[in-house]
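Peer 1: Sequence first, then the predicted structure, then my questions.
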Amino acid sequence: MKITGIRTKAIEIPFPAPIGTSIHRITGVSGLLVWLDTDEGVTGESYLWTIGAHKVPVLEAMVRMLTGTVVGRDPRDTEALYVDMWREINFLGHKGVTIFGLAAIDWACWDIRGKAQGMSVGRILGRARDRVPAYASGGLWASMSIDELQAQAKGFVAEGFKAVKMRIGLPEIAVDLERVAAVREAIGPSIGLMADANQGLTVNHAIRLGRGLEKYNLVWFEEPVQAYDLAGSARVAAALDTPIASGETEYARYGFQDMLERGSADILMPDLERVGGVSEWIKVANMAAALDIPVSPHIFTEHSLQLCAAAANVNYTEHMPWFIELFQERMEMVDGDIIIPDRPGMGFSFDPDAVARFAV
């Protein structure tokens, strides 16, 4: 089997209303759909996303740059391809958008591997489970009122979620504490509650806020400070009892090795496009497992399920509904867990009608 070419399509998925975090105002998500074709008729799929349609051409350029490295090669040789793509991006660097292009191709290759063998990627990697606890992440925004937060939190629980995540990081600590208290009151003591500051705080602010949050029994306090401030995140982690979760903005296993050595997070959150695809995601999960540190995948809910199947140290997966309409298949949730499909490849395929609807 040989790779014959790469096809891409830019998309944009608008939101019904803008959403806000401590540092973002988001009106929708933009992305790049990727198809990797082979001479045996097996096609692998993956996608990248970003905030802002004007950034999508950069993603496409990175994918296209690697075409010459992979066309004519066997897509099932995922490790060999990864090594050669890693070498190809050396001059441009191993952090940032270069990794996005590498990730899209690696991830599509794994989809081909599974489809060619008639097995799910999780089955190829070695399944540890067939379901994974999920937390509702598609709401409870920093831009919402307390009444809106409480109503939506109750709605998530009514849908069957046993954990929810809210966004914090407002200028006044007292306001954040009031909002967290309101959500905890709405969901009760038995539902898991995560809080995400989206990198919006200084170290001292994060520590002061984190101490106030201790009584609300958070599952984790996510990205309290800028992602590049690993020393600052380590200071926050050392000062608080609440676990610190971070890593969605980190790149490749070397970035996560740095996080682990510095003690900058208690829970790692590798993101498929920033970590470098399936091959690198698994390496990071295994590295964390060697230190008994849990991991939780960032976004890419549908495709991350296969990784959750193979990594026993995943504690939760993020249920983000932004991309649900892109796929022909739908996720199934039972008792707060998402059922991990055992379909060939990554288990989800693009819906042609949705692709046409969101294409730009």
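Peer 2: Arrived safely, thanks for sending. Numbering: from 1, shown residues only.
Peer 1: Name the single longest helix found in this protein.
Peer 2: Assignment by DSSP state H gives helix 97-117 as the longest helix of the chain.
Peer 1: buried residues in it?
Peer 2: 97-116 (16 or more other C-beta atoms under 10 Å). Glycine gets a C-beta too; all of them are placed from N, C-alpha and C.
Peer 1: residues making contact with whatever helix or strand comes next after it?
Peer 2: Toward the C-terminus, helix 97-117 is succeeded by helix 121-125 as the next helix or strand (DSSP states H and E). Helix 121-125 has contacts (C-beta atoms under 8 Å, 6 or more residues apart in numbering) with 110-111, 113-114, 117, 278, 282, 305-310, 340, 342, 345-347.
Peer 1: hang on, residue 11 packs against residue 34?
Peer 2: No. Applying C-beta atoms under 8 Å as the test, residue 11 and residue 34 come out as separate, 11.2 Å apart.
Peer 1: Can you pull the phi/psi pair for the residue most central in space within the chain?
Peer 2: By C-alpha atoms, centre = their mean, the chain has its centre lying nearest to residue 298, at 1.9 Å. Main-chain torsions, residue 298, degrees, to the nearest 10: phi -100, psi 120.
Peer 1: Bridge partners for it, pull those for me.
Peer 2: Residue 298 has these beta-bridge partners by DSSP bridges: residue 271.
Peer 1: now it: how far from residue 223?
Peer 2: Distance of residue 298 to residue 223, given as C-beta to C-beta, to the nearest Å: 10 Å.
Peer 1: Give the intersection of the neighbour lists for those two.
Peer 2: The contact sets of residue 298 and residue 223 overlap at residue 248 (C-beta under 8 Å, 6+ apart).
Peer 1: so how far is residue 31 from residue 322?
Peer 2: The spacing between residue 322 and residue 31, counted by C-beta to C-beta, is 9 Å.
Peer 1: shared neighbours, the two?
Peer 2: 13, 49.
Peer 1: So for the two, which sits in the more crowded spot?
Peer 2: residue 31 (23 against 18; other C-beta atoms under 10 Å).
Peer 1: Can you tell me the SS state at the closest residue to residue 244 other than its chain neighbours?
Peer 2: Counting by C-beta to C-beta, 6 or more residues apart in numbering, residue 237 is the residue found nearest to residue 244 once chain neighbours are left out, at 4.2 Å. Following DSSP: H, G, I helix; E, B strand; the rest coil, the label given to residue 237 is helix.
Peer 1: which residues sit in contact with residue 237?
Peer 2: 243-244, 263-266.
Peer 1: go on, residue 308?
Peer 2: Counting by C-beta under 8 Å, 6+ apart, residue 308 makes contact with 122, 129, 132, 297, 314, 317, 340.
Peer 1: which SSE is it in?
Peer 2: Using DSSP H and E, the element containing residue 308 is helix 301-310.
Peer 1: Sweet, I'm off.
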